[in-house]
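**Student:** Structure, please.
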Amino acid sequence: MSEVPAAPAPAPAAPASYPGKTLGIVGLIVTFFASLIGFILSLVAFNQSKAAGYKNTPAKVGIILGIVFFVLTIIIIIVSIAGAAALVSSACEGMESGVYDLGNGTTVTCP
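**Tutor:** I've put the predicted structure just below:
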């Protein structure tokens with residue numbers, strides 16, 4: 001009698017998706033419009049994938065871009081406030097203390 005070789009066991013099917021994949025992609029996209037919200041979504045997705053043992057590259061990219069865009073937003077806000085303060089300061093040069101109407105509906109209060 002000849003022995004018939006046993007067929008190899010079929011490999012387990014890979015899951016169609018993994019936890020956090022869709023949320024990671026959403027977080028990455030949202031990061032371009034609302035950096036802080038995109039950062040939080042990407043962080044949640046990354047933690048879900050990590051807990052399930054999967055890598056989530058879109059979530060990791062969303063985390064990095066969220067931090068970069070948030071820092072840039074803060075810098076732009078600070079520069080805008082400083083510019084506005086300098087503009088108001090230059091508008092008061094040579095004027096006495098008081099409130100002035102600049103004519104276009106803008107009022108300036110000079111110290």
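
**Student:** Can you show me the helices along this structure?
**Tutor:** 21-31, 35-52, 57-91 (DSSP state H).

**Student:** Please work out the angle formed by the directions of the shortest one and helix 35-52.
**Tutor:** Between helix 21-31 and helix 35-52, the angle formed by their directions is 160 degrees, by axes from the mean of the first three to the mean of the last three Cα atoms, to 10 degrees.

**Student:** again with the longest one
**Tutor:** Using the same axes, to 10 degrees, the inter-axis angle of helix 57-91 relative to helix 35-52 is 160 degrees.

**Student:** re earlier: which one of the helices of the chain has the most crowded surroundings?
**Tutor:** Mean neighbour count (mean count of other Cβ atoms under 10 Å) peaks for helix 21-31 among the helices of the chain, with a mean of 21. C-beta: built from backbone N, CA, C; applies to glycine.

**Student:** list the helices and strands it packs on?
**Tutor:** In terms of contacts (3 or more Cβ pairs under 8 Å, 6 or more residues apart in numbering; DSSP states H and E), helix 21-31 is packed against helix 35-52, helix 57-91.
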